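**Q** Give me a 3D structure for the following:
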Amino acid sequence: MKRHDSAEPLGLRLTRRGFVQAGSGLLGMSLPGLLAAREVSTPKTSVGRARSVIVILLSGGLGQHDSFDMKPEAPDAIRGEFQPIQTATPGVFFCEHLPRLAARSQDLAVVRSMSHPEGNHLVAVHHVLTGKPSFPRGASDLDRVASRDDFPCYASVVDHLRGRREGVPNGVALPLKLIEGPLTWPGQDAGFLGPKHDPWQLRLDPNKPEARDDSLTLPTGLDADRLHRRRHLLTQTTPTLPGDSFADQQDAALAMLCNSKVGGALDLDREDPGLLERYGRHIFGRSLLTARRLVEIGVPVVQATMGIVQTWDTHVGNFPRLKDELLPALDRAVSTLLDDLKARGLLDETLVIMLGEFGRTPRISELTPGAVPGRDHWPKVFPAVFAGGGVVGGQVIGKSDKMGAYAVTRTFGPPDLAATVYRALGVDPGAELRDRLGRPLLLCAGEPIEPLYSAVEI
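**A** Below is the predicted model of the structure:
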């Protein structure tokens, strides 16, 4: 069953064809996610440490043993094939296939004791991207898919509480929506806040990483002035009432289309070819370069998924896939992102977070007889990497046991991650939201991960 079309209202791509049709009904297309009526409220906020947050999601789950929490003294069936290497931080070791990040460890704070109870991809992604557990409506994965009763993602909360500046979205997700067959991952949209607060879903082609996205490019002959004139003509022929939400959506759409900063942020042809090479001419590199360009124009929340759904779900071929495909590209793209943000003076005001929805099992096993061995899902303990936004780098927070199976120090969960994101952006984690029935809900029950900012060992 194909669900891509039915899921489309959750995140809209504005296409060239859509703008060509603007004469007959200006922006008279479905606009949830990208465009919204400008709803402004005044939340109670605390002092923020960042202007923007980039969440780098390793969809499928990165194994702790094969990345940032290696166990070289464990038995072969636990340790795996990779060797640890010394980072720039004395006594801290990363995987040998992450040499660039190892060299930049002084900018990184690695939390090795992230934990939650969900071993299902859909439920775990919702938890990580919202800070709240989801409530499956049944035992099947089809009962766990995205719903308008879900808790909203970070970008949607910011959009709801702050309102929208003219032409700049509060949240962008890329390169693709997390959809597989009939399953649409929850936690990617505004949930019960409604489609008007969905983040803008930018779509990049993983098979053509060099291709430019034209989702905010007006076709030849249709410039901003002409678009404004068409909008004025439409209001003369089709009067609207004050408070008309569709008219507000049209106005917001027009503001974005006419904002050259947003369109320019997507034009990677403006970048130095050498920088493009440093990021890597692959979907990881292109996604993170686009993320940097978006925070540069002031987008508060960017979610950059490294690959498509379950790219990092290494049940089969764990070691060859990580060695040959995943870790080198990630290492290159993320390290260049950090260098790029720092060189532009943006790292101090941009919180970068990298994690999967969970980790991988300590024991290496064959999913099916004769298959190349891999690791299964493991939410009991897994790593998250933080940089920028006031984070004190060159430190490790938390500790797992000798087998990398359970934490032996304080654990941090998705609610704490959410509180960290909101506090960094100056949003009060104790703010109140209302669900579709008008019931009050606490935004976040967690506490910010304070050791990130103090280098206090726990």
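
**Q** Reduced to three states, what does the residue nearest to the spatial centre of the chain come out as?
**A** With distances taken as C-alpha atoms, centre = their mean, the residue of the chain nearest its centroid is residue 303 (2.1 Å). In three-state terms, and counting by DSSP: H, G, I helix; E, B strand; the rest coil, residue 303 is strand.

**Q** which residues does it bridge with?
**A** residue 55, residue 173 (DSSP bridges).

**Q** quick one: contacts for it?
**A** 54-55, 57, 129, 153-155, 171-174, 188, 199 (C-beta atoms under 8 Å, 6 or more residues apart in numbering). For glycine as for every other residue, the C-beta is placed from the backbone atoms N, C-alpha and C.

**Q** of all those, which two lie farthest apart?
**A** 54 and 188 (15.8 Å; C-beta to C-beta).

**Q** of these two, who's got more company?
**A** residue 188 (31 against 26; other C-beta atoms under 10 Å).

**Q** Tell me the confidence at that one?
**A** pLDDT for residue 188: 97.

**Q** which regions of the stretch 351-458 of the chain sit below the pLDDT cut-off?
**A** Low-confidence segments of the stretch 351-458 of the chain (pLDDT under 70): 455-458.

**Q** Mind listing residues that contact the helix or strand that contains residue 125?
**A** Take DSSP states H and E as the rule and residue 125 turns out to sit in helix 121-130. Here helix 121-130 makes contact (C-beta under 8 Å, 6+ apart) with 55, 57, 59-61, 116, 118, 132-134, 136, 141, 144-145, 150-154, 178, 183, 185-188, 191, 303, 309-310, 313, 355, 357-358, 377, 379, 413-414, 417-418.

**Q** Which of these fall within strands?
**A** 55, 57, 183, 303, 355, 377 (DSSP state E).

**Q** would you turn these into CSV with distance to residue 107?
**A** Formatted as CSV, the ones in strands among the contacts of helix 121-130 follow (distance: C-beta to C-beta, whole Å):
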residue, distance to residue 107
55, 17
57, 20
183, 36
303, 21
355, 16
377, 30
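
**Q** Can I get the buried part of those as one PyMOL selection?
**A** Listed next is the PyMOL selection for buried residues among the ones in strands among the contacts of helix 121-130, using 16 or more other C-beta atoms under 10 Å:
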select buried, resi 55+57+183+303+355+377
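
**Q** I'd like to know how far the nearest residue to residue 341 once chain neighbours are set aside sits from residue 284.
**A** Excluding its sequence neighbours, the residue lying closest to residue 341 (C-beta to C-beta, 6 or more residues apart in numbering) is residue 347, at 4.1 Å. According to C-beta to C-beta, to the nearest Å, residue 347 stands 19 Å off from residue 284.

**Q** Looking at these two now, which is surrounded by more residues?
**A** residue 284 (27 against 22).

**Q** got the contact list for the nearest residue to that one once chain neighbours are set aside?
**A** Take residue 284 and drop its neighbours on the chain: the residue closest to it by C-beta to C-beta, 6+ apart is residue 333, 4.2 Å away. With contacts defined as C-beta under 8 Å, 6+ apart, residue 333 is in contact with 279, 280, 282, 284, 285, 287, 288, 306.

**Q** Mind pulling the model confidence for the third one?
**A** In the prediction, the pLDDT value recorded for residue 282 is 94.

**Q** my read: it touches residue 329, true?
**A** Yes. Under the criterion of C-beta atoms under 8 Å, residue 282 makes contact with residue 329 at 5.4 Å.

**Q** what's the burial count for residue 414?
**A** Using other C-beta under 10 Å: residue 414 sits among 25 other residues.

**Q** Report the contact partners of it.
**A** 116, 127, 128, 130, 131, 132, 133, 446.

**Q** The last one: neighbour count?
**A** The criterion is other C-beta under 10 Å. On that basis, residue 446 has 20 neighbouring residues.

**Q** ok, now how distant is the residue nearest to it when sequence neighbours are not counted from residue 192?
**A** Excluding its sequence neighbours, the residue lying closest to residue 446 (C-beta to C-beta, 6+ apart) is residue 415, at 2.8 Å. Distance of residue 415 to residue 192, given as C-beta to C-beta: 18 Å.

**Q** mind checking pLDDT for residue 270?
**A** 86.

**Q** Fine by me, thanks again.
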